[in-house]
Structure formats: C-alpha cells, structure tokens
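K.L.:
What follows is a predicted protein model with its sequence.
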Amino acid sequence: MYSFLNSTHTLNERLNLFTASVKNLYPEIIGIAVTRIDEDDNLYSVYRSPDYGDNFPTFISSISRSPRLNKMRSSLEPSIIDNMLSHQSSVKKIHLRLLQSNCISSMACPIYTNDTFIGVLFINAKVKDFFSEKVNYFTTFSILITLLITDNFNNKKAFHSIVKTVLLLSHHKDPETQNHLKRVAEYSRLIGLYLARRGKCNGDFVESVYHFSDMHDIGKSLIPEDILYSTEIYTDEERAVMNQHPDLGCQLLSNILTTFKYDNNQELNTILNIIRHHHERYDGNGYPDKLKGTDIPLEARIVTVADVIDALLSHRPYKQPWSIEDVELYLINGSGTLFDPLCIDAILHSLNKVTLIQQRYPDVIEETVPL
C-alpha cells in the first residue's frame, strides 16, 4: 500500500502505485491526471494514469476560460462536479473526451508550492456524486498526491541550486544572465508544448526540458575567461577550446551527480543530452558528435532552437539585438540544415509569445558612466 513512498521510484512510478492502491479500495475511480501551468495560464498534463489513454488532454487552453478552475485557484479549495452528464462545461471539447472515458464525476484540486500556484490535480470517477460523498477522504488523497508532486518539483529546484553552488564555491563563473536562462527555458517549453499537442512527446518530457534547459552551457564555466568573454573573432585554436564546453559540461555535471547521489536515470539522460548535443546541426555538421536529424535527441533539438533565438534577440558586447523579422527569416533559412523543421514550425507559430517572454524577462544592460 505504501510502496509509493519509496523515493527510489520516479514520480510517475510513485503516482502509478498510489493510483493503483486507491483503485483497489475504490474501483469506481477511473484515474488521475496532474497538470502544470505555463506562463500564459495554460495547463499541460505531466502525468496521466494509464486508464485514460489519450482521452485526458495533453493541453488545456487558458484556465481563465473556465470559471470552475479560476474559482478553484483563487479559493484554494477543491472543485467537484457531481454529474458531468448534466454539467454545462465551458470547455466542451475536453468535457466530451472525458465522457468518452466514462468520467461521470470529477474533482479538481489546486497544487501549490511556497504559495505559488503551479498546477491542478484531476481525479475522475465513473459514477455520479462520488466525490461529494467521500470529500474528506479524497481531499486527504489530493494532499498526499500534491506532496509527492511538490517534493519532486522542489527536488529539481534543489538540484539546480546544488549545481550553482558548486560552481560558485569552485570559483567558476556562470557566463549567462539569469534572464537569458529563464527565456531559454520558456522558449523550450513553447516548442515542447507545440510538439506535445501533435503527439511528438508528452507533458512529462516537456516539463523535464523546461526544468533542465538552463544547464545547457554549464561547460562554459570551465573555459578560460580570456576566450569566454572575448569580443573578437575566435582563432581556430580558440574556437577548438570553446567547442570543448559540451564535453566539459557533461564531465562537470557527472561529477556533481556522483557526489550528491542524484540517481533519476531518466532525468539524468535528459540533462546530459541537452548539455552534450545542443550544438549539433540537423544536417550532421555540428559538434561534438556530428549527429544528424532525429539521431539528435529531441530535447537537444528543442534547446538548440531556443538558445539561438535568445542569442539573436539579445544584446551582446559585440552585436545589437536582431529584429524579430530578421530572426524569423534566419530560422526559416536554417530549417532542415541547422535546425529541426518541427521545432522551427513550433516557434514560428508562437513568435508573438516569444516577444512577450523577451519583455517579461529583460536583460539589464550595464553602461559605463563617464567620470
């Protein structure tokens, strides 16, 4: 019954065990789904219990469209639908898909960590009035699930802090601004969600890429500063040194992972793939391994596009920001050679959101004031 508490399991494994235990007690339960919220108030599922199949949506457009979910978020209280057959849903397409899975009653619970709303837990059953009759039990159930989710969320944040602290204590400099890293994470999520809605990946994968995309360049912390911060065109020798940063990043992260016994193999592979392969090219002319096309891990293909977009749109000591129109043209011209065409399609469909992210997380440009 309590095997879901075993921290050696992944979050999805723990949620599967927990759901199976509850269904043994209450066979009326169809399943649960865990969703996260993005910057535009959209929900995307990061976990769906196996019983749903594809009938619980990967993506739910802005919860502001749903009075039920809006009220739940502000009240911090679960929201119960006793009979979905008679419920007038504001999102009819999703409502119909759930009915096709025999969901007759539903309970939605807000997920918070450190007073920040991060998502919604959905629990559905195949009989009406199910949750109202057992509200205390399933409120407790939702709290336990929320604890598992927030524990996982906070572990990822703690892991980031460990990496940053190790770099600081070892006197390595982080060459990137925090807002650059935040923008790359947001662009990565934009691309990932577009692909998820087209069946190319799932929400759990998108969440991992979102959390770990900001580690793509940690190997640069081991590059000599005279090369790293140079504003001149690199010599062949300097370029060869700079191109070592994916390998150096993997070595650095592996040492940290070993020291702190971080053993989530699925997430470890995602992190290392991002670090090692975000400079591969779709045509096979990148580095370090000259991988081509879909041999490049999808997480790396996503972060490649996200990182390039932000570099082009940002101020650098050696260049001014490009216009969004010039960036669009560069991406179109590089599709299929530099970049995965699917990732380019994703970002071209979201250029208005790219601009909003730039505005939301601006860099502070330091200017020298003459004495």
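P.N.:
Perfect, I can see it now.

K.L.:
any idea where the helices of the stretch 201-350 of the chain begin and end?
P.N.:
Ranges of helices within the stretch 201-350 of the chain are 203-212, 225-228, 236-242, 245-260, 265-277, 298-313, 324-334, 341-348, based on DSSP state H, counting those that start in this stretch.

K.L.:
got TSV for these, with mean neighbour count, distance to Asp151 and mean pLDDT too?
P.N.:
Just so you know, the C-beta spots here come from the backbone N, C-alpha and C atoms, and that holds for glycine as well. Shown next, in TSV, are those (neighbours: other Cβ atoms under 10 Å; distance: least, Cβ to Cβ, whole Å; pLDDT from 0 to 100):
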stretch	mean neighbour count	distance to Asp151	mean pLDDT
helix 203-212	23	14	90
helix 225-228	12	36	88
helix 236-242	12	38	95
helix 245-260	17	16	85
helix 265-277	20	14	88
helix 298-313	24	23	97
helix 324-334	15	38	96
helix 341-348	19	31	97
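
K.L.:
could those helices go into a markdown table alongside distance to Pro50?
P.N.:
A markdown table is the format used below for the helices of the stretch 201-350 of the chain (distance: least, Cβ to Cβ, whole Å):
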| stretch | distance to Pro50 |
| --- | --- |
| helix 203-212 | 13 |
| helix 225-228 | 47 |
| helix 236-242 | 46 |
| helix 245-260 | 30 |
| helix 265-277 | 17 |
| helix 298-313 | 23 |
| helix 324-334 | 38 |
| helix 341-348 | 27 |
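
K.L.:
wait, which of those helices is closest to Leu195?
P.N.:
helix 341-348 (6.0 Å; Cβ to Cβ).

K.L.:
Put the alpha carbons of the closest one into CSV.
P.N.:
What follows is helix 341-348, C-alpha atoms only, in CSV (Å, rounded to 0.1, in the frame of the first residue of the first chain):
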residue,chain,number,x,y,z
PRO,A,341,12.0,21.7,-39.1
LEU,A,342,9.4,20.7,-36.5
CYS,A,343,11.0,22.9,-33.8
ILE,A,344,11.1,25.8,-36.3
ASP,A,345,7.4,25.3,-37.1
ALA,A,346,6.7,25.3,-33.4
ILE,A,347,8.5,28.6,-32.7
LEU,A,348,7.2,30.3,-35.9
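
K.L.:
Show residues contacting that helix.
P.N.:
With Cβ atoms under 8 Å, 6 or more residues apart in numbering as the test, helix 341-348 has contacts from 187, 190-191, 194-195, 198, 200, 282, 301-302, 304-306, 309, 328, 331-332, 334-335, 354.

K.L.:
If we use 7 Å, what do you get?
P.N.:
Here helix 341-348 makes contact (Cβ atoms under 7 Å, 6 or more residues apart in numbering) with 187, 190-191, 194-195, 200, 301-302, 305, 309, 328, 331, 335, 354.

K.L.:
Could I get those residues in TSV, plus columns for distance to Ile123?
P.N.:
Formatted as TSV, the contacts of helix 341-348 follow (distance: Cβ to Cβ, whole Å):
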residue	distance to Ile123
Tyr187	33
Leu190	29
Ile191	30
Tyr194	28
Leu195	28
Lys200	28
Arg301	35
Ile302	31
Val305	36
Ile309	38
Glu328	43
Leu331	41
Ser335	42
Val354	35
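
K.L.:
from these, which two are the most distant?
P.N.:
Lys200 and Glu328 (21.9 Å).

K.L.:
where do the strands sit along the protein?
P.N.:
Counting by DSSP state E, the chain has strands at residues 29-37, 43-48, 59-60, 79-81, 105-113, 116-125.

K.L.:
hey, least reliable of those by pLDDT?
P.N.:
Among the strands of the chain, strand 59-60 carries the lowest mean pLDDT, at a mean of 78.

K.L.:
helices and strands around it, which ones?
P.N.:
Under the contact criterion of 3 or more Cβ pairs under 7 Å, 6 or more residues apart in numbering; DSSP states H and E, strand 59-60 touches helix 178-197.
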